[in-house]
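> Sequence plus predicted model, see below.
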Amino acid sequence: MPYTLLIIGGILNALLVVFHIMFWKIFDWPNGLASLSADNRAIIQVLNIGVIFGLAVFAVLSIVFRREMLDTRLGRFVTAAIAGFYILRAVCQLMFWGSGTESVIAFVVLLLIAFLYDVAFHLTKPIRK
C-alpha cells in the first residue's frame, strides 16, 4: 500500500510538471509578464523552470525508486521532505492567493499530495542502521 501511494504521488507530480510547462500559455506570460522588469520576468520564468525540474525529480523518485524511497534512510528523508514541500506550498497558496474557491481547491490538492507522502512514510518502519 505505501508503495502505491508513492506511485499516485508520482503521477500527480508528473501532471503538475505538465501544468507548469503550460504556464506560458495558460497565463499568457509573453504579455502578462511584459510589465515587469527584465530581471523580474527572468526570475519568474527561471523559478518556474526550477519547479518543473523539481517536480519531475519527485515524479521519477516516486515511481521508479519507490522502494528506495521507503526502505532507506535517505529515501525516507526525501519522502518526508516532499511531504514538507507540499505542506509549505499549501500554506503559501492561502497566504498569497487568499481563500477564493480556486485557491481553496489548490490548497486541498496540495495537502492531499502531502498526505500521500506522509501516510506512505508512516506506514513503513524506520530503517535501523
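Happy to help now that I have it.
> Only C-alpha atoms from now on, for both contacts and neighbour counts.
Will do.
> Check the burial of the residue nearest to residue 117 when sequence neighbours are not counted by counting its neighbours.
Computed as Cα to Cα, 6 or more residues apart in numbering, the closest residue to residue 117 that is not its neighbour in sequence is residue 83, at 5.3 Å. When counting by other Cα atoms under 10 Å, one arrives at 24 neighbours for residue 83.
> Could you list the buried residues of the one helix or strand residue 83 maps to?
Residue 83 belongs to helix 73-97 when assigned by DSSP states H and E. Within helix 73-97, the residues that count as buried by 16 or more other Cα atoms under 10 Å are 75-76, 78-80, 82-84, 86-87, 89-90, 93.
> And stretch 30-45, end to end?
Between the opening and closing residues of stretch 30-45 lies a distance of 10 Å (Cα to Cα, to the nearest Å).
> Now that stretch: buried residues?
So for stretch 30-45, counting by 16+ other Cα under 10 Å, buried means 33, 41.
> cool, and stretch 118-129?
Residues 118-121 are the ones in stretch 118-129 that count as buried (16+ other Cα under 10 Å).
> Any chance of those residues in CSV with distance to residue 34 and secondary structure as columns?
Formatted as CSV, the entries for these read as follows, by distance: Cα to Cα, whole Å; DSSP: H, G, I helix; E, B strand; the rest coil:
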residue, distance to residue 34, secondary structure
118, 40, helix
119, 43, helix
120, 43, helix
121, 43, helix
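> which stretches of the protein have low pLDDT?
Residue ranges of the chain with pLDDT under 70: 128-129.
> Please, where are all the helices along it?
With DSSP state H as the definition, the chain shows helices at residue ranges 2-21, 23-26, 29-32, 38-64, 66-71, 73-97, 101-123.
> The helix holding residue 83 vs helix 101-123, what angle?
Angle of helix 73-97 versus helix 101-123, following axes from the mean of the first three to the mean of the last three Cα atoms, to 10 degrees, is 160 degrees.
> other SSEs contacting helix 73-97?
Contact here means 3 or more Cα pairs under 8 Å, 6 or more residues apart in numbering; DSSP states H and E; on that basis helix 73-97 packs against helix 66-71, helix 101-123.
> So which of these is nearest residue 11?
Judged by Cα to Cα, the one of the helices and strands packed on helix 73-97 that comes nearest to residue 11 is helix 101-123, at 10.4 Å.
> Thank you, goodbye.
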